[in-house]
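S.K.: Turn this into a model:
(one chain, ligands or ions: 1)
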Amino acid sequence: MPKRTPFVGGNWKMNLDGARSRALAEATAAHAAAHRGAEVCVFPPFVYIPGVAAARGASLVGGQDCSAEKEGAFTGQVSAAMLVDAGCSQVLIGHSERRHGLGETDAVLSKKLSRALEAGLCPVVCVGETLAEREAGRAHDVIRTQLRGTLGGHALDAARLVIAYEPVWAIGTGRTASADDAAEAHRTVRQTLADLYDVRFAESVRVIYGGSVNAKNAAELFAREEIDGGLVGGASLVAADFATIVAAAARRVQ
Ligand code: PGA
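M.R.: Here you go, the predicted structure:
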């Protein structure tokens, strides 16, 4: 089986300011340098990306979103090429706060993925069901549909792709999926990737979990063979907590 490098993303969402984002980037870079077995990436608000990129050290920097368009009259949007120009190597595609908060469909996200790939960014594609979908027994169907709708038809390099399974009901709620439920969802992600591409591709892609990951539960989640790291919101804003989470991910390779 291919060895997968753990990936930990810190999704800062719409938090911090210039000075605090640079300070957090420096602290996070130090933790990334101490745990080189894991890939660590921070996702700052757009306007702070250049400052964070200058302070990034051993960690990567990504955008929280990119436009589905290449350039032009799209007020307020940021293109994938601009993210690269500002120092990003990664981009989140389809975070639930965009799928559900802003109504972004799989068709729009597929276009965003095209723009990200053209620009040379590594996409972190997010999928996950709502509470109503889980309670209706549809969680795995939703994961499959979102993956097919967003990834289908794209030529992808498994080493440059991360899938984040983020059940919507676990994001920012303090309610984490159990390690068993997360592992089961990750198996569905890999099976869908195997159907879309092939087994080797599916086994090479990092599949990470997001949704109330914190310094206390990270080790249990990352101990599961299926879970290659995490996408962390709230706890990524606290340098010491994020350091513990990065260390837990790095232990997977020891
Ligand atoms: P959370 O956010 O860790 O605050 O739940 C995760 C995410 O939205 O990526």
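S.K.: ok so Val207 is a strand residue?
M.R.: Yes. Using DSSP: H, G, I helix; E, B strand; the rest coil, the assignment for Val207 is a strand.
S.K.: ok, now which ones touch it?
M.R.: With contact set as CB atoms under 8 Å, 6 or more residues apart in numbering, Val207 has these partners: 162-165, 186, 189-190, 226-228. Quick note: C-beta positions are derived from backbone N, CA and C, even for glycine.
S.K.: Repeat the analysis, applying 7 Å as the threshold.
M.R.: 163, 165, 186, 189-190, 226, 228 (CB atoms under 7 Å, 6 or more residues apart in numbering).
S.K.: Out of those residues, which sit inside helices?
M.R.: The members of these that map onto helices under DSSP state H are 186, 189-190.
S.K.: neighbour-wise, which of those residues leads?
M.R.: Highest neighbour count within the ones in helices among the contacts of Val207: Val189, with 24 neighbours (other CB atoms under 10 Å).
S.K.: how far away is the residue nearest to that one when sequence neighbours are not counted from Ala54?
M.R.: Nearest non-adjacent residue to Val189, counting by CB to CB, 6 or more residues apart in numbering: Val207, 5.0 Å away. As judged by CB to CB, to the nearest Å, Val207 and Ala54 stand 31 Å apart.
S.K.: nearest spatial neighbour of Ala30, skipping sequence neighbours?
M.R.: According to CB to CB, 6+ apart, the nearest residue to Ala30 is Gly57 (6.9 Å).
S.K.: helix/strand/coil for that neighbour?
M.R.: coil.
S.K.: Give me the phi and psi for it.
M.R.: Taking degrees, to the nearest 10, you get phi 50, psi -120 for the backbone angles of Gly57.
S.K.: Hmm, Ala29 and it touching each other?
M.R.: Yes. Gly57 is in contact with Ala29 according to CB atoms under 7 Å; the separation is 2.8 Å.
S.K.: more crowded one of those two?
M.R.: Ala29 (19 against 15).
S.K.: gap between that one and Ala202?
M.R.: Counting by CB to CB, the separation of Ala29 from Ala202 is 32 Å.
S.K.: again with His140
M.R.: 15 Å.
S.K.: nearest residue to Ile208 other than its sequence neighbours?
M.R.: Gly229 (4.3 Å).
S.K.: Pull the contacting residues for the one you found.
M.R.: 6-8, 38, 206, 208, 222, 249.
S.K.: could you pull out the strands for the stretch 51-200 of the chain?
M.R.: 60-63, 90-93, 122-127, 162-165 (DSSP state E, counting those that start in this stretch).
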